[in-house]
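S.K.: Sequence and predicted structure are below.
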Amino acid sequence: VASAHLIDREPSSGSYNVSTGTFYSCVSQITIGFDLGGQVAIGISHWKSPFPAGGQTLPSLDCVHSEASAVPPTGEHPEPVSCPASLSITPLPSYSASQETISDSSTSTYRHDLPKFLLNVFLVINVPVYERLLLFVRSAVKDVNVLLEGERSEGASSPSRDDDSTLLNPGTHSSILDDNTQTEAAGRSKSSGLCFRDGKCRIDYILVYRKSSSQAEKREVFERNMRAEGLQMEKESSVTNSDVIFLKLHAPWDVLCRYAELMNIRMPFRRKIFYMQRRHKFMSRMEKRMNKFRGWLPRKPMKFDNDTLPDLEENESFTAPFSRSRIHHFIIHNKDTFFNNATRSRIVHHILQRVRYEEGKNKMGINRLLSNSSYEAAFPLHEGSYRSKNSIRTHGAENHRHLLYECWAWWGVWYKYQPLDLIRRYFGEKIGLYFAWLGWYTGMLFPAALVGLLVFLYGVFTLEHCQVSKEICQATDIIMCPICDQYCPYLRLSDSCIYAKVTHLFDNGATVFFAVFMAVWATVFLEFWKRRRAVLAYDWDLIDWEEEEEEIRPQFEAKYSKKERMNPISGKPEPYQAFTDKYSRLIVSTSGIFFMILVVIAAVFGIVVYRVVTVSTFAAFGWALIRNNSQVATTGTAVCINFCIIMLLNVLYEKVALLLTNLEQPRTESEWENSFTLKMFLFQFVNLNSSTFYIAFFLGRFTGRPGAYLRLLNRWKLEECHPSGCLIDLCMQMGIIMVLKQTWNNFMELGYPLIQNWWTRRRLRREHGPKAKSSFPQWERDYNLQPMNAYGLFDEYLEMILQFGFTTIFVAAFPLAPLLALLNNIIEIRLDAYKFVTQWRRPLPSQAKDIGIWYGILEGIGILSVITNAFVIAVTSDFIPRLVYAYKYGPCAGQGRAWERCMMGYVNASLSVFRVSDFERKSQPRTNGSELLGEAVKFCRYRDYREPPDSAEPYSYTLQFWHVLAARLAFIIVFEHMVFAIKTLIAYLIPDLPKDLRDRMRREKYLIQEMMYEAELERLQKEKNERKRKDRAHHKEWP
């Protein structure tokens, strides 16, 4: 506290005794202020200087170190004058609890519990006077405490205090700050909006409510209990809506320390010491040469400069659970910054979760008050604006939010690594782990995208040498049977030349290698993510962190409050759900899940019907472009319609998943979240991939043959594959769905909050002027931002997990999927960063050790991808039929080779012959094909392995068909077992903890044991010295 305020600038009277060297102060009034929180403030008004105007002045009290230095030089002074004495006891307003200095033009007020004040007053005021003053103050405190207790009891019974008289609004409250202090504090508060009006107490949390709400009594009890917990609060009305009230919360140092100890928050207590391992001389020389070579290269353009990011001390120090009894062991440079903003907000939220608002067993917690509309919102503040007029390179970052924007959310740093430590410091470990996982997934997509691109380029470069596509393009004399009833004409095989070449780009000799590579890649990705997560968990002090015992959900408590049993962990009675009730609800929920899956299958069936019906319609279309490409047009429009159905069903699935999850009545929030996550993933995964599974494994497999087609509802012929194969349809499905889905997700993630925030800013400009928002305090600006979605990080994880499934499950059919996913994720990281920093309110920082249930889902997708890729290669592509032909039926049969020249004649061998006169009446084409060959077509070809019509068993399967079928089944078994063996071996060989991390953990454990040993020795030494001192003092006593 600045003691210079004790000197008043006005000349007045006083008394100084030169002979005794004692100064007697004269006060006309002593004001003692009390707060409901129990703090005391003493005000000394009308200070009288003992020196006349223009004479000698008393030295500044900030410079006084002893009584001698306070004595002015000897001289002639007036005789002592009488000092009027009057004492008044005045209760200060409740908001003064957060202030350390409260003064106006005639009053200087100090907290009595400050030792510096006691020292300075002792030096200035005569000792007997000060002793009498303290005795009187202590007696008055007791009386005032009695009065305040009465006020508290009356306040508890009062109906409400949510009126304007309790608010701190510049236009409504009377200032008790002096002119200088008021101007400085108001300027600080106005510029930042991060502190109380005193400019010192930092705002740790914001609660928002409306005065018109009917829950005033609950809020009053809740706020009174918050004060009892030690939280300080200040109310402020909204600038734009007088009905909206902001309740600003601040946790003092003692409250932070108490709850940090209860919550076992780890804080830095000793800097880390890193030891470099001794290397071999040869390795040292090689390293020097490599460093010399790196000097010619750019200096790590993907990393930030060391002077750009702040020094995050907790990452350079050993940490330990905070303890007030060992507070001297921790590195505390500044009490205001020892607990960072995220930790302070987490502590305050922890308190709010345990404060009662009604008398009752479980009538507590801010979540329940938010659910019953007692409060409208609850959030921590952003650390100021994310923009600055000055460059960060020349003037530095104004706050962590500004630094995050410049180093993370700005599009100009898309190629930089993410500042994960800063993200964790600002948003907490849970969000930090999400972005760490997203960055790791994006980084691991680089090799997958590169190999997929090489496979595609291999198909491009070998296109001119592909024997199969050459034969298709040159087969002008081969007439293909119509692909639909009546309206579809006969086609030359050469008309599908372009589709054959496109198919070769994705289905070539490198496809099998790429499928094996992606299966191994998925395992390597997950295994190395476990190692990366372990490093982050160590760096972020999450190794020994365990989740607290969660609260019971209010819905579960209300449903099962009549039946209780003892909690085996806490030993307290809690509501209990009977076994039969629990599993009957699970059965109903599971039935609902299967029903919704049937709805998805029904939607796919509708798409199949659409494809079957429209292929004939497009074949009879007026435009030649559509008529000649009827099958491609059918596939393209079906995919777009399927995408629209997917997006509509996703909305329905979310509501159904909520209904089924609430029907199960999970006990805790984490159980509810896991159950909801599993349902939503199943629904959306089936919804997104069901049509893709149909095209990959069912399209064209069960259509029958010309003359004996299998029909849908005995009316529509099932759809056939294109003459060049079914893989082109699968590629179109995956390409269109991936592009449209990712574009839509990115728009909904960023475009929707951008539009909402733009509309809010437009309304505020229209109502309060174009520059109104810039003058709003920080809590007002944050309140106008969009809240984080109700499911937290669920939507972000779900989008990426579905993309991971699309990238791995059918990657053999679409090698460019990893490249598309990589491009999307580079944009996704910056979109999410921009959304978190600029468009959303600051989410509550929370801790987590890993990504939760999503890791198990990723492992399941990795296993499923091996199976699906095996079937795609064996069933969907022509890899196995070509292999069988090359080794058994081609020109190189029996030679053990499968070169391109060994594929000569493959197209003719893969097509069967059909006599046109054997067509069904429903399938008889309206044209006879004379426009192709100049005469009526008598025989046409189709894709299958069947006997010709003039054989002993016409249209029966040939021996080659059974050879291909056996080879396909054998390939599936061999491929799956081989890949699973490789995955298991890799998972076994890659340890979950890196060796250097294991050594660091062991060294930290060793150092902590050493420090504990040294601390114990120090304690024993102090006790020994204390005993010796007492013994010496005892011997010196007079007998």
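M.R.: Looks like it arrived, so ask away. Bear in mind the structure is a predicted one, so any value in this text is a computation, not a measurement. Numbers count the residues shown, from 1 in each chain.
S.K.: Low-confidence stretches in the stretch 801-950 of the chain?
M.R.: Within the stretch 801-950 of the chain, no stretch falls below the threshold (pLDDT under 70).
S.K.: ranges for the strands of it?
M.R.: In the stretch 801-950 of the chain, the strands defined using DSSP state E, counting those that start in this stretch lie at 911-915, 939-943.
S.K.: Residue 335 touches residue 253, doesn't it?
M.R.: Yes. When contacts are counted by Cβ atoms under 8 Å, residue 335 is listed as touching residue 253 (5.3 Å). C-betas here are computed from N, CA, C, even on glycine.
S.K.: need the contact list for residue 437.
M.R.: Contacts for residue 437 (Cβ atoms under 8 Å, 6 or more residues apart in numbering) come out as 529, 533, 851.
S.K.: If you could redo that for residue 916, that was the one I meant.
M.R.: Shown in contact with residue 916 (Cβ under 8 Å, 6+ apart): 937, 938, 939, 940.
S.K.: Quick check on the nearest residue to the last one once chain neighbours are set aside: phi, psi?
M.R.: In other words, residue 940. The shortest distance from residue 940 to any non-neighbouring residue, by Cβ to Cβ, 6 or more residues apart in numbering, is to residue 481 (3.9 Å). Torsion angles at residue 481 (phi, psi; degrees, to the nearest 10) stand at phi -70, psi 150.
S.K.: ditto for residue 378
M.R.: Backbone torsions of residue 378, given as degrees, to the nearest 10, read phi -150, psi 120.
S.K.: One more: residue 562?
M.R.: phi -80, psi -30.
S.K.: Distance check, it against residue 575.
M.R.: According to Cβ to Cβ, to the nearest Å, residue 562 and residue 575 sit 8 Å apart.
S.K.: and those two? which has more neighbours close in?
M.R.: The neighbour comparison of residue 562 against residue 575 (other Cβ atoms under 10 Å) goes to residue 575, with 19 against 7.
S.K.: Could you verify my assumption that the more buried one touches residue 566?
M.R.: No. Look at residue 575 against residue 566 with Cβ under 8 Å: they stay out of range, at 11.7 Å.
S.K.: Quick check: which of the strands of the stretch 801-950 of the chain is nearest to residue 398?
M.R.: Comparing these by their distance to residue 398 (Cβ to Cβ), the top pick is strand 939-943, with 67.7 Å.
S.K.: Give me the distance from that closest one to the chain's centre.
M.R.: Taking Cα atoms, centre = their mean, to the nearest Å, the mean C-alpha location of strand 939-943 is offset from the chain mean by 57 Å.
S.K.: Which other helices and strands does that strand contact?
M.R.: Packing contacts for strand 939-943, counted by 3 or more Cβ pairs under 8 Å, 6 or more residues apart in numbering; DSSP states H and E, involve strand 479-480, strand 911-915.
S.K.: Can you name the residues in contact with it?
M.R.: Contacts of strand 939-943 (Cβ under 8 Å, 6+ apart): 478-482, 490, 493, 700, 705-706, 721, 723, 725, 910-916, 929.
S.K.: try 6 Å this time
M.R.: With contact meaning Cβ atoms under 6 Å, 6 or more residues apart in numbering, strand 939-943 is reached by 478, 479, 480, 481, 706, 911, 912, 913, 914.
S.K.: need the contact list for the residue nearest to residue 940.
M.R.: Contacts of residue 481 (Cβ under 6 Å, 6+ apart): 706, 914, 940, 942.
S.K.: and the chain, what are its domains?
M.R.: Listed domain ranges for the chain are 193-272+316-381, 996-1038 (source: the TED database).
S.K.: Distance-wise, check residue 198 relative to residue 449.
M.R.: Remark: distance between residue 198 and residue 449 (Cβ to Cβ) = 55 Å.
S.K.: Phi, psi for the residue lying closest to residue 886 once chain neighbours are set aside please.
M.R.: Nearest residue to residue 886, sequence neighbours excluded (Cβ to Cβ, 6+ apart): residue 898, at 3.9 Å. Dihedral angles of residue 898 (phi, psi; degrees, to the nearest 10) stand at phi -140, psi 50.
S.K.: for stretch 681-699, which positions count as buried?
M.R.: Burial within stretch 681-699, assessed by neighbour count using 16 or more other Cβ atoms under 10 Å, is assigned to 681-696, 699.
S.K.: Show me the contact partners of that stretch.
M.R.: Here stretch 681-699 has contacts from 596-597, 600, 604, 607, 642, 646, 649, 653, 726, 729-730, 733, 802, 857, 872, 876, using Cβ under 6 Å, 6+ apart.
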